[in-house]
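[1] Here you go, sequence then predicted model.
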Amino acid sequence: MRQVPFGASGQTVSELCLGTMTWGNQTPAADAHRQMDMALSAGIDIVDTAEMYPVNPVLAETVGGSEAILGEWNAVHPSRRGDYLLATKITGENGSFVRPGELVTGKTLRGALEDSLKRLQTDYVDLYQLHWPNRGSFQFRKNWTYDPRGQNKGETLAHMEDVLEEAGRLVEEGKMRFFGLSNESSWGTAQWLRVSEARALPRVQTVQNEYSLLCRMYDTDMAELSVNEDVTLLSYSPLAAGLLTGKYQDGAEPEGSRLAVARARGQAPNLGGRLSERVRPAVAAYLDIATRHGLDPVHMALAWQQTRPFAISAIFGATTAAQLEHILPAAGMTLPQEVLDEITAAHRAHPMPY
């Protein structure tokens, strides 16, 4: 398993990160525990969760379930807690499914982390992340209408100081080791870095943003920031919610898939806004590249991430242990230059498919 830099910490993490957002919903505990065993045996040494998981859908009665399942594994394998980096997140403003609509503050940071520690059955988390900024985000297809004019810079910087001061105290107490962001912008990440440097507080080591062959907003300003500031990308949805596997082509909806589950629950079956009139031709272009070169499209999509100029650990979700077994051969794979050239051409032909 290739290792990539973990921010500016001097540590490294595996190129693949095990995601847990389906644990407790589509993925039962026994299968999730099997995935932990398989992932660690394969050399994966970072696992990502969040207090609001499982998702699809998010329900007040299930939030915290993924952490609890991981906590059950930790309780059975106490000697293995140091074998992997545990990353989780505080939710922030929400529809009262975690806590009543509260923004992230130093106070809520401490309370949320301590609740997560109880569910995770551990004394510390390695990486504690803000799930999204208080001021809003252009992720999740909000880029089409994003308007930052309602932001207040002074309030934003004061909020950052408050959160980082509390994070510093939590680090001193041994309850967390590193600080990270999610769904952030280049300006926001730069301000967090500036405040932490000026105040000698915990610095941003990672940013968890969406990144895949179909979603490449990270390639410009965030790429430059990542390289120059040693911030590692924890890329979520590297398989574009399953689109890049090819399982949804030609209108297919496999039983038990995210699309089928959403439809059965009467929700909009759009994969979080990723289904559009432009996406299927884009997916077809990448599937064609994989087919012509004798590659599994899942492996190609994940291996491509390691060709980027910035450090990435790709967070994949496996609904079942069988899916995890399918994914693992992507680790360490090197794509031929001809494949990379064709991927570049496909990206230019289909630059923003959703």
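    Cool, got the structure.
[2] Every contact and neighbour count from this point should use C-alpha atoms.
    Noted.
[3] C-alpha coordinates for stretch 322-342, PDB please?
    Output of stretch 322-342 as PDB, limited to C-alpha atoms (Å, rounded to 0.1, in the frame of the first residue of the first chain):
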ATOM      1  CA  ALA A 322     -17.300  -8.100  -1.300                       C
ATOM      2  CA  GLN A 323     -17.100  -4.600  -2.700                       C
ATOM      3  CA  LEU A 324     -14.100  -3.900  -0.500                       C
ATOM      4  CA  GLU A 325     -12.400  -7.000  -1.900                       C
ATOM      5  CA  HIS A 326     -13.000  -5.700  -5.400                       C
ATOM      6  CA  ILE A 327     -11.600  -2.300  -4.600                       C
ATOM      7  CA  LEU A 328      -8.300  -3.300  -2.800                       C
ATOM      8  CA  PRO A 329      -6.300  -4.200  -6.000                       C
ATOM      9  CA  ALA A 330      -6.400  -0.500  -6.900                       C
ATOM     10  CA  ALA A 331      -3.700   0.100  -4.300                       C
ATOM     11  CA  GLY A 332      -0.300   0.500  -5.800                       C
ATOM     12  CA  MET A 333      -1.500   0.400  -9.400                       C
ATOM     13  CA  THR A 334       0.300   2.700 -11.900                       C
ATOM     14  CA  LEU A 335      -1.600   3.800 -14.900                       C
ATOM     15  CA  PRO A 336       0.200   4.000 -18.300                       C
ATOM     16  CA  GLN A 337       0.800   7.500 -19.800                       C
ATOM     17  CA  GLU A 338      -1.500   6.600 -22.700                       C
ATOM     18  CA  VAL A 339      -4.400   6.100 -20.300                       C
ATOM     19  CA  LEU A 340      -3.600   9.400 -18.500                       C
ATOM     20  CA  ASP A 341      -3.600  11.200 -21.800                       C
ATOM     21  CA  GLU A 342      -6.900   9.800 -22.700                       C
END
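[4] who touches it?
    The contact list for stretch 322-342, computed with Cα atoms under 8 Å, 6 or more residues apart in numbering, reads 1-2, 15-16, 35, 38-39, 42, 289, 293, 298-300, 302-304, 318.
[5] With stretch 304-312 instead?
    The contact list for stretch 304-312, computed with Cα under 8 Å, 6+ apart, reads 4-5, 15, 212, 223, 226-227, 231-235, 314, 335, 340.
[6] Just the contacts of stretch 322-342: which are in helices?
    Counted as lying in helices by DSSP state H, out of those, are 35, 38-39, 42, 289, 298-300, 302-304.
[7] May I ask which of those residues has the most neighbours?
    Looking at those with neighbours defined as other Cα atoms under 10 Å, the largest count falls to Leu302 at 28 neighbours.
[8] what residues are up against it?
    Leu302 is in contact with 238-239, 314, 330, counting by Cα under 8 Å, 6+ apart.
[9] which helix is the longest one in the protein?
    Ranking each helix of the chain by length (DSSP H) puts helix 153-172 first.
[10] Buried residues, that one. List them.
    The neighbour-count check on helix 153-172 (16 or more other Cα atoms under 10 Å) flags 156-157, 159-171 as buried.
[11] contact partners of that helix?
    The contact list for helix 153-172, computed with Cα under 8 Å, 6+ apart, reads 104-107, 109-110, 135, 176-179, 191-192, 195-196, 201-202.
[12] redo that, cut-off 10 Å
    Residues external to helix 153-172 that are found in contact with it (Cα atoms under 10 Å, 6 or more residues apart in numbering): 104-110, 113-114, 124-126, 128, 130, 133-135, 173-179, 188, 191-196, 199-204.
[13] just to revisit the earlier point, buried subset of the contacts of stretch 304-312?
    The neighbour count (16+ other Cα under 10 Å) marks 4-5, 15, 212, 223, 226, 231-235, 314, 335 as buried among those.
[14] What about the residues you listed, which are in helices?
    Counting by DSSP H, the buried ones among the contacts of stretch 304-312 place 223, 226 in helices.
[15] State the pair within the buried ones among the contacts of stretch 304-312 that is farthest apart.
    Longest distance between any two of the buried ones among the contacts of stretch 304-312 is 24.4 Å, between Val231 and Leu335; criterion Cα to Cα.
[16] low-scoring stretches of this structure, by residue?
    Low-confidence regions of the chain, defined here as pLDDT under 70, do not occur.
[17] For the most centrally placed residue in the chain, list each beta-bridge partner.
    For the chain, the residue whose C-alpha lies nearest the mean C-alpha position (Cα atoms, centre = their mean) is Tyr236; its distance is 3.5 Å. The partner list for Tyr236 in beta bridges (DSSP bridges) reads Glu210, Ile315.
[18] my read: it touches Arg216, true?
    No: here Tyr236 lies out of contact with Arg216, judged by Cα atoms under 10 Å, at a distance of 11.7 Å.
[19] any shared contact partners between these two?
    Glu210.
[20] Number of residues surrounding the nearest residue to Met52 once chain neighbours are set aside?
    Among residues not flanking Met52 along the chain, Val63 sits closest, at 4.6 Å (Cα to Cα, 6 or more residues apart in numbering). By the criterion of other Cα under 10 Å, Val63 has 20 neighbours.
[21] Distance of Val63 relative to Gln121?
    Here the distance between Val63 and Gln121 works out to 16 Å (Cα to Cα, to the nearest Å).
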